[in-house]
Each structure stands twice: as structure tokens, then as C-alpha cells.
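> Need coordinates for the below:
(2 chains)
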Amino acid sequence: QGGGSAVIDMENMDDTSGSSFEDMGEMHQRMKEEEEEEAEGEAGAAEEDEDGEFLGVKGLRGQLGRQVADQMWQAGKRQASRAFSLYANIDILRPYFDVEPVQVRARLLESMIPVRMINFPQKIAGELYGPLMLVFTLVAILLHGMKTSDTIIREGTLMGTAIGTCFGYWLGVSSFIYFLAYLCNAQITLVQMLSLLGYGLFGHCITLFVTYNIHFHSLFYIFWLGVGGLSTLRMVAVLLSRTVGHTQRLVLCGSLAALHMLFLLYLHFAYHKVVEGILDTLEGPNVPPFQRVARDIPVVSSAVLNTTAKAVALTL
Amino acid sequence: FAGLADVSISEDIPVEGEITVPVGSRSPDEDYSTLDEPVRDTILRDLKAVGKKFVHVMYPKKSSALLRDWDLWGPLVLCVSLALMLQGGAADSKDDGGPQFAEVFVIIWFGAVVITLNSKLLGGTISFFQSLCVLGYCVLPLTVAMLVCRLVLLAGSGTVSFIIRLLVVAAMFGWSTLASTAFLADSQPPNRKALVVYPISLFYFVISWMILTFTPQ
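The predicted structure follows:
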């Protein structure tokens, strides 16, 4: 009754019909290679037919068993790859999060102090907690700036734009500079580059936090050169200490400095236009109609801060 | 089973006995009984569990009830109500009505996932969904703050109302952060609590700032 029953007789899996797991793997590999060369599709079918013919009666049961083994192999492979990608990914990142709070604080302060010794390769901590937190802080500050300046994003959301900008800068520029470093024979790994650039965003966070609340053009330029410049100098000094050769140093450090400073400039000016309008017409309740859409908080708080800043500037 | 080969049962002796297993107080029978009970009982039981967790959040003591029986109903309800209340507070309501809801949803869930991953990477002993549960339930004080802000805004939107709203939102932000750290920070090694507390406070800060800058049109 074996042929008519609904239960698949698994005993036949152990016979020589080629349905063991290793053979399945081999067959899959072979089939994949055959798919890549389109001309050999028929040859694959011909091979399978040959197998069936060669094995005779056993061939029929072997085919059924082979299909079952095939499904089981695929299911097993799927589960294994899923488990691997889930667990292995977290464990790969774990050593980069092994920090103490004092270390993070020390590295934050160090990121603003340019090193003097550029003839000796400076140590970079390959840690990802600090940079990740700084990127998220920058996202929060950017969100505040976008809402304060009433930026209206037509496609997508404010949050999406902020996250995309910050993460895109961090990951993209790190990879680009790492690529340049590879071309210029600098001694730096990708994690170290991510860490260096991430800590360099500390200056950006401070600058934007201050200048999104006090809207003063000259104040922004002072912060841009001072704070932004310090963190750029630190990154440039560390890279200089790890590169040999004048042209290479120029290329690498020049591009990093340019990108870093221009990013700060972009972040400030991209979300600045409407705020400028409010600043110019800051005379009590007579706000022109198109600016009534501004929220009350920035008007109140920025009015207070701006009059204070103006008073301070006048007295100095 | 070799010893049983010579056991034979004659056909004319009927087999008798009790097949039913004596039922204890906790047995798979409970599953059957919860299937047969009226829907009202199920809903009330779940609501009571959610309500008990709300009480735990409002008076954060060290208890494992929130962690042991985690569920995501409470966070979902809180997230949806917060997102609904935050809608319509944009410059161009016809442009930003949709994304406003999606923004709040994405911020809360994406933020909670990131914080959970971060605490796991820092060596935390808490599981993924337990952490999501705690973070979601601790949004409750901020939802209350949102309600209060909306009521205050109905009265007027001057400087006084801004100061009231600022105080209320700041207090609720502190409450949320304290409540979630009471549950989450214990699962970390003691010298690294600050590393876990910072992203949590940043997360609740972003939500409270969204509540504070809300102006209805």
C-alpha cells in the first residue's frame, strides 16, 4: 500500500537515489551554476532524466524523496541564514560598545583639542557608542532647527530628512575618506574613521544648538570658524599623523576639512531662510500674514534671546 | 521493549479504566476554558493587565510585573493616542496632516528599537520585547502631558499658557525618564548606567519637545 498512502515513506531517503543532504547541496550548487549559463538549462534536465532512467524503479521513489530532501534543505538553509544574520550581527558590534562613561566624556573633550605631535601616529579609539549617540543628538537638534524655521518638507517627513542627512553624512563621508585613505596609503581602518568623524560631530552639535536658538549671523560665523575649526583641526591632525607624503596628506586632509566645514555651513543655511524673515520684522504683534504660520514658541523665545543678544552686542 | 514481546491480551477480556488524568489547578485545561469564556471576560482581563501596568508606571517601584508579563497593547494605545493628538498642529495642515501621524509613530517605535539594541549591545540582560514594553508604557506621563497641554491651549496661547505647558511637560519628561530607568537600568552593570540613561532621556526629550511645540490651527 506504499504507493497509494498519503504518508511519505522516509525509509527510501537512505538509499542510493541521491537524496542525502550533501547531494542536495551539490545539486543546488550545480543548478545555480547551470542557471548562470543559460545555454545549459537543457543539459541539466537531461542529466536528471538520465538519473531517473538509470535508477529504474527506485528512481520514482528517489525523486519523491529527493523533493522532500530538497524542501528540507531549503528550509534548513533559510533558518540557518536567518539565525546567523540575527545573532551574528549583534555579536559583531558588541566589542565596539564596550566603553565606560568617563571614557566617553574624555573623548568628547579631546575631540575639540588638536594634537601637536603629527610625526607619530596618534591613537584612535575604535568605539561606536559615542559617535552613534552624537549622530542621534545631531538629529534631534536638526529636528528642532527645522521646526523652528518652519521648513515644510513636501515629500517625506521632517524626521526622515533629519535622519537621512545625519546618518548619510556620517556613513557616507566616513566611507569616502576611508576610500581616499586607502588610495593615499594612510593607516586607518573603517571603524576608526567612523569613530573619528563621529566625535568630530560634537563641534557641529554645539554650534547648531547655540545658533538655532540665537539667530545672529556673525555669531554663527564665529562659532563656525572657532568650534567647527577646532574639531576639524583635530581630525586633520590625527589623519596627518597617519599619512606619509605631502600630496597624499594634502588630498586627504583637504577633502576632510572641506567636507566637514561645508556640512556645518549647509546645516545652518538650509533651515535658516524663514527665520531671517521673522528676525527682520520683530516688532510686536504686527506680524505680516505669511509669517503668522510661525509657532509661538520660537517667536517668544527667539524674541527674548535676540533682544538680549542685541543688547549685549550694543554694550560691548 | 524486548520483554513485552511475549505479552498477549486475549480478545474477550474488555479493557477498563479511567483515561482522564486528574486535573491540577494549572493545566492545559485553562487554555480550553479561555477559549470558551465570553469575549467580555477576555477583554476585561487584558484591560486589567494593561491598567495594572499603567499604575506601575505612574508609581515606579522596583517590581518585575512590567518585565515578566510584557505586552505591547499599552504602548500601541498610547502611541496611537499621542499621534492622534499631535495631528493638525502644522503650518499647512493639508500638507502635513499625514506625515505628522507617521512621524510620531516612527519616532516612538524606531527610537524604542534603537534604545533596546543599544542596551543589549552594552551588555544588558533584558530581552528585546521586555525593553520595548517598558519604553512604550513609560510614554504614559507624556500622553497625560499632551492632554493637559491641549486643554491649556483651549484656554489661550499666550506667555502664561506657554510657561504652564513648559512646566507640565518638563515634569512629565522627568517622570517618564525616571520610570523607565527604574526598570531598565537595573539590567545593566552598575558603572554603565549613564550610558543607557542618556539615549532614553534623549528619546523622551524629543517626544516632549514635539508636545511642547504643538500649536493647533
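
> Okay, now the unreliable bits of chain B?
Applying pLDDT under 70 to chain B picks out residues B:1-6, B:9-10, B:21-34, B:60, B:62-66, B:88-99, B:217.

> Distance from the chain centre to the lengthiest helix in it, please.
Taking DSSP state H as the criterion, chain B has its longest helix at helix B:93-121. Averaging C-alpha positions (C-alpha atoms, centre = their mean, to the nearest Å) puts helix B:93-121 15 Å from its chain's average.

> Tally up the residues packed near the nearest residue to A:L264 once chain neighbours are set aside, please.
Leaving out its chain neighbours, the residue that sits closest to A:L264 by C-beta to C-beta, 6 or more residues apart in numbering or on different chains is A:G228, at 4.8 Å. C-beta here means a position set from N, CA and C on the backbone, and glycine is covered the same way. Number of residues near A:G228 (other C-beta atoms under 10 Å in any protein chain shown) recorded here: 22.

> list the contacts for A:G228?
For A:G228, the contact set (C-beta atoms under 8 Å, 6 or more residues apart in numbering or on different chains) comprises A:203-204, A:207, A:260-261, A:264.

> Secondary structure for those - can I get that in CSV?
Converted to CSV, these look like this (DSSP: H, G, I helix; E, B strand; the rest coil):
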residue, secondary structure
A:G203, helix
A:H204, helix
A:T207, helix
A:H260, helix
A:M261, helix
A:L264, helix
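
> for those residues, which one is nearest B:V104?
Proximity of the contacts of A:G228 to B:V104, judged by C-beta to C-beta, is greatest for A:H204, which lies at 26.1 Å.

> The closest one touches A:L265, doesn't it?
No. Counting by C-beta atoms under 8 Å, A:L265 is not a contact partner of A:H204; they are 10.5 Å apart.

> Give me the more crowded residue out of the two.
A:H204 (27 against 14).

> List the contacts of the more buried one.
Contacts of A:H204 (C-beta under 8 Å, 6+ apart): A:138, A:228, A:231, A:263-264, A:267.

> Among these, which has the minimum pLDDT value?
For the contacts of A:H204, the weakest pLDDT value sits at A:L267, with 89.

> Okay, and that residue sits in which element?
Using DSSP states H and E, A:L267 sits in helix A:246-270.

> cool, and A:A125?
Per DSSP H and E: nothing holds A:A125, as it lies in no helix or strand.

> State the distance from it to A:I177.
17 Å (C-beta to C-beta, to the nearest Å).

> When these two are compared, which one has more neighbours?
Taking neighbours as other C-beta under 10 Å, A:A125 and A:I177 compare with A:I177 leading, 26 against 18.

> residue contacts, the more buried one?
A:I177 neighbours (C-beta under 8 Å, 6+ apart): A:193, A:197, A:252, A:255-256, A:259.

> For chain B, which residues are neighbours of chain A?
By C-beta under 8 Å from any C-beta of the partner chain, the residues of chain B that approach chain A are B:91-92, B:95-96, B:99, B:102-103, B:106-107, B:114, B:117-118, B:120-123, B:157, B:159, B:162, B:191-192, B:194-195, B:198-199, B:202, B:205-206, B:209, B:212-213, B:215.

> Type out the ChimeraX command that picks the buried ones from those residues.
Provided next is the ChimeraX selection string for whichever of the residues of chain B next to chain A are buried by 16 or more other C-beta atoms under 10 Å in any protein chain shown:
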select /B:91,96,99,103,106,107,117,118,120,121,122,162,192,195,198,199,202,206,209,212,213,215
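
> Out of the contacts of A:H204, the closest to chain B would be?
A:L138 (11.0 Å; C-beta to the nearest C-beta).

> pretty sure the closest one contacts A:I206?
No. The pair A:L138 / A:I206 is not scored as a contact, 10.4 Å apart, by C-beta under 8 Å.

> Tell me which of those two has more neighbours.
Ranked by neighbour count (other C-beta under 10 Å), A:L138 and A:I206 place A:L138 first, with 25 against 16.

> need the contact list for that one.
Counted by C-beta under 8 Å, 6+ apart, A:L138 has contacts A:166, A:201, A:204-205, A:208.

> where's it relative to A:H144, distance?
11 Å.

> Please identify every residue contacting each of these two.
In contact with both A:L138 and A:H144: no residue, using C-beta under 8 Å, 6+ apart.

> Going along the chain, name the strands of chain A.
All residues of chain A lie outside strands when identified by DSSP state E.

> what domains does the record give for it?
Per the TED database, the domain ranges recorded for chain A read A:63-97, A:101-283.

> List the buried residues of the strand or helix carrying B:V152.
Assigned by DSSP H and E, B:V152 belongs to helix B:140-155. Residues of helix B:140-155 classed as buried by neighbour count (16+ other C-beta under 10 Å): B:140-146, B:148-150, B:152-153.

> Pull out the buried members of the contacts of A:G228.
A:203-204, A:207, A:260-261, A:264.
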